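Colleague: the sequence and its predicted three-dimensional model are supplied below.
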Amino acid sequence: MTRIVIIGGGPAGYEAALVAAQLGADVTVVERDGLGGASVLTDCVPSKTFIAAAGAMTAVRDSAVLGLQGSDLATVSLDLSAVNHRIKGLAVAQSADIHARLESVGVRCVSGTARLSDDVRGLITHRVEICDHEGGVQQEVECDVVLIATGADPRVLPGAEPDGERILSWRDVYELEDLPEHLVVVGSGVTGAEFASGYLEAGVPVTLVSSRDQVLPGEDADAAAVVEQVFQSRGGKIADRGRAESVVRTPTGVEVKLTDGRVVTGSHALMTVGTVPNTDGLNLEKCGVATSPSGHVVVDRVSRTSVPGIYAAGDVTGVFQLASVAAMQGRIAMWHALGEAVSPIRLGTVAGNVFTHPEIATVGVQEKTLPEGTDIESVQLPLATNARAKMSDLRDGFVKIFARRSTGVVVGGVVVAPGASELVLPITLAVSKGLTVDDLAQTFSIYPSLSGSITEAGRRLMNSQPG
Ligand SMILES: Cc1cc2nc3c(=O)[nH]c(=O)nc-3n(C[C@H](O)[C@H](O)[C@H](O)COP(=O)(O)OP(=O)(O)OC[C@H]3O[C@@H](n4cnc5c(N)ncnc54)[C@H](O)[C@@H]3O)c2cc1C
Ligand SMILES: NC(=O)c1ccc[n+]([C@@H]2O[C@H](COP(=O)([O-])OP(=O)(O)OC[C@H]3O[C@@H](n4cnc5c(N)ncnc54)[C@H](O)[C@@H]3O)[C@@H](O)[C@H]2O)c1
C-alpha cells in the first residue's frame, strides 16, 4: 500500500487526501491550524460570508427603486458582532465537516506542524517529522509520497505591521466588534478590492490605496473600470497611484503614509498587499526541493517538484492562487503518484471570480494577453440592455466573449454582473470543451434571464463568422 503524507489540510491537501484514499492509499494529513486550511478558516469562506451579509444590506437599501417601502429601508445596518459570530461559526462547522469526511474514508488526520526530514537525498522513500504546537517532535513518519500543500500567508509590509486592533491583516477583521468609522484598504488586488467593496456595502466609508492607474490590475480593464465606477458612485474614495510606505497609529486611528508624501487617514487600515508562500521550516533546500525567486515551490503540470516522490499543490506553488486550482493540483498529484492516467492541469480553462459589487468572472483568453494581429474577435453586450437586468434595476455590467474568427470556437469570456460567478459557467464549459459561438447561439436560454446575454453574444459573433 502506498504511504502518503500530506502537509497542509487546505483545499489542495484535503482534496488530494480524498482522491488518495479512494485509490486505496494509506493517507496521513498533517494540519497546523484546522482542516479546510486558510481557505475555510480565515480567507475565502469567511470573506465571502461577510460579503454576502454586506451585499444583502445594500440590496435592501437599494430596493426603494423597485417600489419597496418602509421607514427603515435606507437606514438598515449591519450588526458586525453578529455577522462575525456567524462567519466564525460557519468556518468552524465547515472545518469539522471536512475532518469528518476525511476520517470517514480512512484518512489519518494529525494536528501539528510537519517538515521534511530526509537525511540523504535521492532515496525512494521520504521522512516527515511532525511537531506539536510547542515545536517538540511528536513522531517521524516514513512514506513513499509527500504532498506539500502549506498555502500562503499575508505579506507584511515593513513599517505597517498588523497589530490586530487598528492595523489589520485580512485574517484579523473577524475579531472586530464594531464597524470601522473609516477603513483605509491598502492594496487594490483581488483581496483589497473585495474588502473595499464589501465594507462600503456594509455602510463603512472606505478609501482604497491603489498603487496602479486602475484597481484590479490583473483583471479585464473594462471590468475593472465598472467596479471602480460603482465603488466611487457609492461614495468610495480611491487614492490612486499611491504606494503605502508605512502605517502608524494615532490617538484616534491610523495614518497611511504614501511614498509620494500623501497621507491618508482613517480609523483602521486593512493591509492587502499580497501573500508569501508558507515554506519556512519545511527543510526544502536540504531535501533538494527547488523554489523560485519568489519562494514558491516549483512544480510541473502534474504537480511534481524537483524531487521524485515529493509533490506540491496550491498557493505554495504560486500557480493561480485559487481554491479550485489548489484542489485540482492536489488531485492531479495523487492520480499521478498512484499511477492513474492523468491529464496535466489546463490553466487556460480556469475560471476566476472577483466578489466585488458587481462581481467579475473571467475564463480563458483575455484582452490583455491577446497577441498583435490575432485571429480572435470579441463582442461586449452591456447588461443594461438585458430585459431581466432592467426588471431588477441592474445597470452596471456586461458580457464579453472571445472567439476564433476562423472557427468560431469560444476561447474566453468576461461577465460583470451580480452573480457573475454563477453566470460564467456556460462560457467556461464552452472554453473547456471547444464549443463554438453557434453552439452558444443555438442553446435555449430562459427568457427573461441574464444568461440570455451569453447566448445573444454567441449570436452576434455567429453573424460575423466567415460564410
Ligand atoms: C481574502 C481571500 C479570499 C479568497 N477568496 C477566494 C475565493 O473566493 N475563491 C477562490 O477560489 N480562492 C480564494 N482565495 C484563494 C484561496 O483561499 C487559496 O487559493 C486557497 O486557500 C489555497 O489552498 P491551499 O490548500 O493551497 O492553502 P491553504 O488554504 O492556505 O491551506 C494550507 C494549510 O496548510 C497549513 N500549514 C502550513 N504549513 C504547515 C506545516 N508545516 N505543517 C502543517 N500544516 C501546515 C496552514 O495552516 C493551512 O491551514 C482567497 C484568498 C484570500 C486571501
Ligand atoms: N475571489 C478570489 O478568487 C480571490 C480573492 C482574494 C484573493 N485571491 C487570490 O489570492 C492571491 C492574493 O491576492 P491579493 O489581492 O492579496 O494579492 P495581489 O498580489 O494580487 O495584490 C496585491 C496588490 O497590492 C499592491 N501593493 C503591494 N504593495 C503595496 C503598497 N505598499 N502600497 C499599495 N499597494 C501595494 C500590489 O501592487 C497589488 O496590486 C491572488 O492570487 C488572488 O487571486 C482570490
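Modeller: Here it is on my side, so go on. Since the structure is predicted, the reported quantities are computational estimates derived from the model, not experimental observations. Numbering: from 1, shown residues only. Ligands and ions are numbered 1, 2, ... in the order given.

Colleague: for the residue of the stretch 151-300 of the chain found nearest ligand 1, what are its contacts?
Modeller: Per C-beta to the nearest ligand atom, Gly151 is where the stretch 151-300 of the chain lies closest to ligand 1, at 2.2 Å. (Each C-beta comes from the backbone N, C-alpha and C, glycine too.) The neighbourhood of Gly151, defined by C-beta atoms under 8 Å, 6 or more residues apart in numbering, consists of Gly8, Gly10, Ala12, Gly37, Ala38, Ser39, Pro277, Asn278, Gly314, Asp315, Val316, Ala326.

Colleague: swap in Gly135?
Modeller: Counted by C-beta under 8 Å, 6+ apart, Gly135 has contacts Thr113.

Colleague: could you do the one 4 residues further on as well?
Modeller: Residues in contact with Gln139 (C-beta under 8 Å, 6+ apart) are Glu129, Ile130.

Colleague: do that again at 6 Å, thanks
Modeller: Counting by C-beta atoms under 6 Å, 6 or more residues apart in numbering, Gln139 makes contact with Ile130.

Colleague: bridged to it, which residues?
Modeller: Going by DSSP bridges, Gln139 is paired in beta bridges with Ile130.

Colleague: which parts of the stretch 351-467 of the chain sit against ligand 1?
Modeller: If contacts are counted using C-beta under 6 Å from any ligand atom, the residues of the stretch 351-467 of the chain sitting beside ligand 1 are Phe355.

Colleague: so where is the stretch 351-467 of the chain shaky, pLDDT-wise?
Modeller: In the predicted model, the stretch 351-467 of the chain carries pLDDT under 70 at residues 464-467.

Colleague: kindly report the residues of it close to ligand 2.
Modeller: Within the stretch 351-467 of the chain, the positions adjacent to ligand 2 are Gly352, Asn353, Val354, Phe355 by C-beta under 6 Å from any ligand atom.

Colleague: how much space separates the residue of the stretch 151-300 of the chain closest to ligand 1 from Phe402?
Modeller: Spatial separation of Gly151 from Phe402 under the definition C-beta to C-beta, to the nearest Å is 32 Å.

Colleague: burial measure for Asp213, as a count.
Modeller: Using other C-beta atoms under 10 Å, Asp213 is surrounded by 10 other residues.

Colleague: tell me the secondary structure of it, please.
Modeller: Three-state call for Asp213 (DSSP: H, G, I helix; E, B strand; the rest coil): coil.

Colleague: so who does the one residue sitting closest to the centre of the chain touch?
Modeller: When the chain is reduced to its mean C-alpha position, the nearest residue by C-alpha atoms, centre = their mean turns out to be Leu322, at 4.5 Å. Listed by C-beta under 6 Å, 6+ apart, the contact partners of Leu322 are Gly352.

Colleague: and Asn353, by the same measure?
Modeller: Taking C-beta under 6 Å, 6+ apart as the criterion, Asn353 is in contact with Glu359, Ala361, Ser421.

Colleague: chain center to the helix of greatest length in the chain: distance?
Modeller: Secondary structure of the chain read by DSSP state H shows that its longest helix is helix 80-104. For helix 80-104, the separation from the chain centroid amounts to 18 Å (computed by C-alpha atoms, centre = their mean, to the nearest Å).

Colleague: right, and ligand 1 sits closest to which residue of the stretch 251-400 of the chain?
Modeller: Of all residues in the stretch 251-400 of the chain, Gly314 sits closest to ligand 1, at 2.0 Å by C-beta to the nearest ligand atom.

Colleague: so what's that residue up against?
Modeller: Counting by C-beta under 6 Å, 6+ apart, the residues that Gly314 touches are Ala12, Ala149, Gly151, Ala326.

Colleague: which residues of the stretch 51-200 of the chain lie near ligand 1?
Modeller: Residues of the stretch 51-200 of the chain found near ligand 1, taking C-beta under 6 Å from any ligand atom as the criterion, are Thr113, Ala114, Arg115, Ala149, Thr150, Gly151, Trp170, Thr191.

Colleague: at 8 Å instead, please
Modeller: Listed as neighbours of ligand 1 in the stretch 51-200 of the chain under the rule C-beta under 8 Å from any ligand atom: 112-115, 130, 149-154, 170, 190-191, 194-195.

Colleague: let's see if you can find the most crowded of the residues you listed.
Modeller: Once you tally neighbours by other C-beta under 10 Å, Ala149 ends up highest among those, having 36 neighbours.
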